[in-house]
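1. Just the structure for this:
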Amino acid sequence: MKDERHLIHDPEGKPVTVVVRRDRRLTKSARWTREKNGDVVLRIPFHATSSDIKRLLGQVESKLKRQLQRTSLRTDAELQARAEAVNRKYFKGEISWNAIRWVSNMRQRLGSCTTDGPTDGHIRISDRIRNWPDWVIDYVVAHELAHRKYPHHGPEFWAYLKAAYPLTERARGFIQGVGFAKGEVVDEDEE
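-> Next up, the predicted model:
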(Lines give C-alpha, C1' and ligand atoms only; values in the text may rest on other atoms or scores of the structure.)
Protein backbone atom coordinates (compact mmCIF):
# COMPACT_ATOMS: atom_id res chain seq x y z
CA MET A 1 0.00 0.00 0.00
CA LYS A 2 1.10 3.51 -0.67
CA ASP A 3 1.77 6.01 2.08
CA GLU A 4 -1.12 8.28 3.01
CA ARG A 5 -0.61 11.96 3.75
CA HIS A 6 -2.61 13.78 6.40
CA LEU A 7 -2.44 17.29 7.75
CA ILE A 8 -2.51 18.13 11.45
CA HIS A 9 -1.55 21.32 13.25
CA ASP A 10 1.16 21.92 15.77
CA PRO A 11 0.37 23.83 18.99
CA GLU A 12 1.15 27.11 17.26
CA GLY A 13 -1.40 26.34 14.53
CA LYS A 14 1.18 25.61 11.85
CA PRO A 15 0.35 22.72 9.51
CA VAL A 16 2.33 19.51 9.92
CA THR A 17 2.30 16.80 7.27
CA VAL A 18 1.91 13.30 8.65
CA VAL A 19 2.99 10.48 6.37
CA VAL A 20 1.06 7.38 7.42
CA ARG A 21 2.94 4.23 6.52
CA ARG A 22 1.43 0.78 7.02
CA ASP A 23 3.91 -1.68 8.46
CA ARG A 24 3.33 -5.44 8.47
CA ARG A 25 5.77 -5.85 11.38
CA LEU A 26 3.53 -3.83 13.70
CA THR A 27 0.55 -5.71 15.09
CA LYS A 28 -0.87 -3.54 17.89
CA SER A 29 1.02 -0.31 18.42
CA ALA A 30 2.04 2.58 16.21
CA ARG A 31 5.37 4.43 16.09
CA TRP A 32 6.14 7.93 14.92
CA THR A 33 9.19 10.08 14.36
CA ARG A 34 9.75 13.69 13.37
CA GLU A 35 11.78 14.19 10.20
CA LYS A 36 14.34 16.98 9.68
CA ASN A 37 11.91 18.78 7.34
CA GLY A 38 9.27 18.88 10.12
CA ASP A 39 7.06 16.12 8.72
CA VAL A 40 5.94 13.29 10.96
CA VAL A 41 6.22 9.68 9.78
CA LEU A 42 3.58 7.56 11.51
CA ARG A 43 4.06 3.80 11.14
CA ILE A 44 0.86 1.88 11.85
CA PRO A 45 -0.18 -1.77 11.88
CA PHE A 46 -0.99 -2.91 8.35
CA HIS A 47 -4.63 -3.69 9.12
CA ALA A 48 -5.40 -0.43 10.99
CA THR A 49 -8.76 1.12 10.12
CA SER A 50 -9.48 4.72 9.16
CA SER A 51 -10.88 5.33 12.67
CA ASP A 52 -7.59 3.98 14.11
CA ILE A 53 -5.70 6.44 11.93
CA LYS A 54 -7.89 9.34 13.07
CA ARG A 55 -7.30 8.39 16.72
CA LEU A 56 -3.54 8.07 16.18
CA LEU A 57 -3.36 11.45 14.43
CA GLY A 58 -5.05 12.96 17.47
CA GLN A 59 -2.47 11.30 19.71
CA VAL A 60 0.38 12.73 17.63
CA GLU A 61 -1.15 16.22 17.88
CA SER A 62 -1.46 15.84 21.66
CA LYS A 63 2.13 14.64 21.95
CA LEU A 64 3.38 17.61 19.92
CA LYS A 65 1.48 19.91 22.26
CA ARG A 66 3.00 18.28 25.37
CA GLN A 67 6.48 18.51 23.85
CA LEU A 68 6.03 22.23 23.18
CA GLN A 69 4.73 22.82 26.71
CA ARG A 70 7.67 20.94 28.22
CA THR A 71 10.14 22.77 25.98
CA SER A 72 8.70 26.17 26.85
CA LEU A 73 9.20 25.42 30.55
CA ARG A 74 12.87 24.75 29.96
CA THR A 75 14.30 28.24 30.18
CA ASP A 76 17.82 29.43 30.91
CA ALA A 77 16.75 30.00 34.54
CA GLU A 78 15.44 26.42 34.74
CA LEU A 79 18.68 25.19 33.16
CA GLN A 80 20.68 27.09 35.80
CA ALA A 81 18.57 25.52 38.56
CA ARG A 82 19.01 22.08 36.94
CA ALA A 83 22.80 22.54 36.79
CA GLU A 84 22.87 23.57 40.45
CA ALA A 85 20.84 20.48 41.40
CA VAL A 86 23.08 18.19 39.30
CA ASN A 87 26.15 19.78 40.88
CA ARG A 88 24.80 19.24 44.43
CA LYS A 89 23.54 15.70 43.83
CA TYR A 90 26.33 14.23 41.74
CA PHE A 91 29.39 16.42 42.33
CA LYS A 92 28.81 17.36 46.02
CA GLY A 93 28.63 21.03 44.97
CA GLU A 94 32.32 21.17 44.05
CA ILE A 95 31.91 22.47 40.47
CA SER A 96 31.70 26.17 39.67
CA TRP A 97 30.81 27.88 36.39
CA ASN A 98 29.92 31.39 35.33
CA ALA A 99 26.88 30.90 33.08
CA ILE A 100 24.79 28.16 31.53
CA ARG A 101 22.24 28.70 28.78
CA TRP A 102 20.35 27.10 25.93
CA VAL A 103 21.63 27.92 22.45
CA SER A 104 20.16 27.33 19.02
CA ASN A 105 23.34 27.38 16.91
CA MET A 106 24.74 23.95 17.83
CA ARG A 107 24.05 21.45 15.08
CA GLN A 108 26.48 18.63 15.89
CA ARG A 109 27.35 19.00 19.55
CA LEU A 110 24.95 18.74 22.46
CA GLY A 111 26.89 21.03 24.75
CA SER A 112 30.12 22.90 25.27
CA CYS A 113 32.06 24.33 28.17
CA THR A 114 34.75 26.96 27.72
CA THR A 115 37.90 26.94 29.76
CA ASP A 116 40.22 29.91 30.03
CA GLY A 117 39.81 33.24 28.29
CA PRO A 118 37.06 35.82 28.69
CA THR A 119 34.28 33.22 28.52
CA ASP A 120 35.83 30.81 31.02
CA GLY A 121 33.13 28.76 32.71
CA HIS A 122 30.41 29.43 30.15
CA ILE A 123 28.34 26.34 29.40
CA ARG A 124 26.08 26.14 26.36
CA ILE A 125 23.50 23.39 25.86
CA SER A 126 21.91 22.77 22.46
CA ASP A 127 18.20 23.52 22.44
CA ARG A 128 17.75 20.48 20.17
CA ILE A 129 17.62 18.38 23.35
CA ARG A 130 15.03 20.46 25.23
CA ASN A 131 12.33 17.81 24.78
CA TRP A 132 14.59 14.88 25.68
CA PRO A 133 14.07 13.01 28.97
CA ASP A 134 15.26 14.80 32.09
CA TRP A 135 17.87 12.14 32.90
CA VAL A 136 19.51 12.60 29.48
CA ILE A 137 19.57 16.39 29.85
CA ASP A 138 21.05 15.87 33.32
CA TYR A 139 23.75 13.73 31.72
CA VAL A 140 24.61 16.43 29.17
CA VAL A 141 24.76 19.01 31.97
CA ALA A 142 26.88 16.68 34.13
CA HIS A 143 29.16 16.04 31.15
CA GLU A 144 29.76 19.77 30.70
CA LEU A 145 30.20 20.32 34.44
CA ALA A 146 32.82 17.56 34.49
CA HIS A 147 34.77 19.58 31.93
CA ARG A 148 35.28 22.23 34.62
CA LYS A 149 37.53 19.73 36.40
CA TYR A 150 38.84 17.86 33.35
CA PRO A 151 38.79 20.12 30.26
CA HIS A 152 39.66 17.33 27.83
CA HIS A 153 38.16 13.91 27.24
CA GLY A 154 40.47 11.25 28.53
CA PRO A 155 40.47 8.36 30.98
CA GLU A 156 40.37 10.68 34.01
CA PHE A 157 37.43 12.65 32.59
CA TRP A 158 35.36 9.54 31.82
CA ALA A 159 36.15 7.90 35.17
CA TYR A 160 35.14 11.09 37.00
CA LEU A 161 31.90 11.50 35.03
CA LYS A 162 30.89 7.82 35.35
CA ALA A 163 31.58 7.84 39.08
CA ALA A 164 29.55 11.02 39.53
CA TYR A 165 26.59 10.40 37.22
CA PRO A 166 25.33 6.80 37.43
CA LEU A 167 23.26 6.94 34.22
CA THR A 168 26.21 7.93 32.02
CA GLU A 169 26.26 4.79 29.88
CA ARG A 170 22.47 4.66 29.59
CA ALA A 171 22.37 8.31 28.47
CA ARG A 172 25.18 7.76 25.97
CA GLY A 173 23.19 4.83 24.55
CA PHE A 174 20.10 7.02 24.26
CA ILE A 175 22.10 9.67 22.39
CA GLN A 176 23.56 7.03 20.05
CA GLY A 177 20.05 5.65 19.43
CA VAL A 178 18.66 9.08 18.57
CA GLY A 179 21.53 9.63 16.16
CA PHE A 180 21.01 6.23 14.56
CA ALA A 181 17.25 6.79 14.19
CA LYS A 182 17.91 10.10 12.43
CA GLY A 183 20.59 8.60 10.21
CA GLU A 184 23.25 10.81 11.77
CA VAL A 185 26.68 9.77 12.90
CA VAL A 186 27.09 10.60 16.55
CA ASP A 187 30.72 11.39 17.07
CA GLU A 188 31.18 11.41 20.81
CA ASP A 189 34.78 11.36 21.92
CA GLU A 190 35.98 7.91 22.81
CA GLU A 191 37.15 6.92 26.24
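2. Lowest mean pLDDT among the helices and strands, pick that one out for this protein.
-> helix 50-73 (a mean of 82; mean pLDDT, DSSP states H and E).
3. buried sites along that helix?
-> 53, 56, 57, 60, 61, 64 (16 or more other C-beta atoms under 10 Å). (C-beta placed from N, C-alpha, C; glycine too.)
4. Then stretch 91-108?
-> Applying 16+ other C-beta under 10 Å to stretch 91-108 flags 91, 95, 97, 100, 102, 106 as buried.
5. List the backbone torsions phi and psi for the second one.
-> Backbone torsions for residue 95, taken as degrees, to the nearest 10, come to phi -90, psi 140.
6. Switch the buried residues of helix 50-73 over to CSV; also include distance to residue 134.
-> Shown next, in CSV, are the buried residues of helix 50-73 (distance: C-beta to C-beta, whole Å):
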residue, distance to residue 134
53, 32
56, 26
57, 28
60, 22
61, 23
64, 19
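7. Now flag whichever of the residues you listed is closest to residue 164.
-> residue 64 (34.5 Å; C-beta to C-beta).
8. Can you name the residues that contact that closest one?
-> Neighbour list for residue 64: 8, 10, 11, 16 [criterion: C-beta atoms under 8 Å, 6 or more residues apart in numbering].
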